[in-house]
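A.B. asks: everything below, folded, please.
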Amino acid sequence: MILEINNLSVGFHTYRGDVKAVRGVTFNVDEGEIVGIVGESGCGKSVTAHAVMGLLPEENSFINQGNIKLLGEDITNKSNKEMAKLRGTSMAMIFQDPMTSLNPVLTIGQQMTEGVIKSKGLNKKDAHEEALALLKRVGIPKAEERMKAYPHEFSGGMRQRVMIAMALICRPKLLFADEPTTALDVTIQAQILELLDELRREMKMSIVLVSHDLGVIARICDRVNVMYAGRIVESGPVGEIFHNPQHPYTRGLLNSLPRVDKVDDTELPVIEGHPPDLLYDIKGCSFAPRCGEAMKVCAACRPNNENMGKEHCVECWLPARDREEGHHE
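C.D. replies: Presented below is the predicted three-dimensional model:
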């Protein structure tokens, strides 16, 4: 097992009170697989990834429950110095916006070699050769020349390839990709996803892909976790989730996608309402106020995590209701 997250809760101190951004998240990542985390903005996807990486803001964040194990070692309460040794070597991250993640006043070569010199102790020449080889592998043309270029001289797709190369230069076992295809056109998006999949196989690493785009998740993930209001409400193999969604929120996300087999001019359905305010405790199902199938029990009690078979789990009262109705019939 590469990553094990058990009952993780993360919050932030704010002037209004404590925001409970992640509420009891549990999932794992096996060796060599790609696991997706999907959900709308503010559901806790990126916060979960940053908690694992040890990148939460020190001044106002806190983990008040659960634990994180990387390669069998508990890293939940490690110091910044200890986490810095793990970042890059054991795990790495591709951030959402490469333009703001790359330093505008340093060349690509300087930024590529800095981490590998520090982590692996290579000299400048060897670090340069390592960075050059990886830039070529991720598809940067004229890589030798581009090592001397600055981020503003690259297109969006090329900057994203540079970010991938930087994340992988120390050969981590686990890679977090946080919205790696945001703001890229569909052709470049497909190329980036294909590249990530190829590198995953070559380097025998695992990937956690964070996205709000179900199309991206469907393309390369093995398993997917659907998040809503800080909780995983449904999880399972990608095929099972996409072809047999059990949670009303998952169905709402899938129904809102454009489909090539629908040629009429009807508007796409939307999920009415707004996510709950995460400052407050949620007594029942967090999705109940927006759910067209909600029952009284949904608002009163948090649902159990139902096993639907084939490693498919859903946190919802509807399967229990359906079983009860089937029993009476």
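A.B. asks: is residue 158 within a helix or a strand, and which one?
C.D. replies: Assigned by DSSP states H and E, residue 158 belongs to helix 156-168.
A.B. asks: could you point out the helix or strand that follows that helix?
C.D. replies: Next along from helix 156-168, by DSSP H and E: strand 174-178.
A.B. asks: and the angle from the helix or strand following that following strand to strand 174-178?
C.D. replies: Downstream of strand 174-178, the first helix or strand assigned by DSSP H and E is helix 186-203. If you take axes from the mean of the first three to the mean of the last three CA atoms, to 10 degrees, helix 186-203 sits at 170 degrees to strand 174-178.
A.B. asks: show me the contact partners of helix 186-203.
C.D. replies: 32, 34, 137-139, 156-157, 160-161, 164, 168, 171, 175, 177, 180-181, 184, 205-207, 209, 216, 219-220 (CB atoms under 8 Å, 6 or more residues apart in numbering). Every residue, glycine included, has its C-beta placed from N, CA and C.
A.B. asks: thinking residue 298 is in contact with residue 288, fair?
C.D. replies: Yes - the pair residue 298 and residue 288 qualifies as a contact (CB atoms under 8 Å) at a distance of 4.0 Å.
A.B. asks: overlap in contacts of these two?
C.D. replies: With CB under 8 Å, 6+ apart, residue 298 and residue 288 have no common neighbours.
A.B. asks: three-state assignment of the spatially most central residue of the chain?
C.D. replies: Most central in the chain under CA atoms, centre = their mean is residue 210, positioned 2.1 Å from the mean C-alpha point. Following DSSP: H, G, I helix; E, B strand; the rest coil, residue 210 is assigned to strand.
A.B. asks: cool, and residue 56?
C.D. replies: Look at residue 56: counting by three-state DSSP, its state is coil.
A.B. asks: and what of residue 93?
C.D. replies: Following three-state DSSP, we place residue 93 in the strand state.
A.B. asks: which one is it nearest to, not counting chain neighbours?
C.D. replies: Excluding the flanking residues, the one nearest residue 93 by CB to CB, 6 or more residues apart in numbering is residue 176, at 4.3 Å.
A.B. asks: try residue 290
C.D. replies: Closest to residue 290 by CB to CB, 6+ apart is residue 273, at 3.9 Å.
A.B. asks: confirm that neighbour sits in a strand?
C.D. replies: No - assigned with three-state DSSP, residue 273 falls outside any strand and is coil.
A.B. asks: that one against residue 289, yeah?
C.D. replies: Yes - with contact defined as CB under 8 Å, residue 273 reaches residue 289; the gap is 5.9 Å.
A.B. asks: the more surrounded of the two?
C.D. replies: The neighbour comparison of residue 273 against residue 289 (other CB atoms under 10 Å) goes to residue 289, with 16 against 10.
A.B. asks: can you classify that one by secondary structure?
C.D. replies: What three-state DSSP gives for residue 289 is helix.
A.B. asks: OK, contacts around it?
C.D. replies: 273, 276, 299.
A.B. asks: which of these lies closest to residue 100?
C.D. replies: Nearest to residue 100 among these: residue 276, at 29.4 Å, using CB to CB.
A.B. asks: so that closest one is in which element?
C.D. replies: Element membership for residue 276 (DSSP H and E) is empty, with no helix or strand holding it.
A.B. asks: mind listing the helices for the protein?
C.D. replies: Under the criterion DSSP state H, helices of the chain are mapped to 45-53, 80-86, 98-101, 108-120, 124-137, 143-146, 156-168, 186-203, 214-220, 238-243, 248-255, 296-300, 318-328.
A.B. asks: mind listing what's buried in the second one?
C.D. replies: Counting neighbours by 16 or more other CB atoms under 10 Å, one finds that the buried residues in helix 80-86 are 83, 86.
A.B. asks: how about the longest one?
C.D. replies: If you call a residue buried by 16+ other CB under 10 Å, then helix 186-203 has these buried ones: 188-189, 191-193, 195-196, 199-200.
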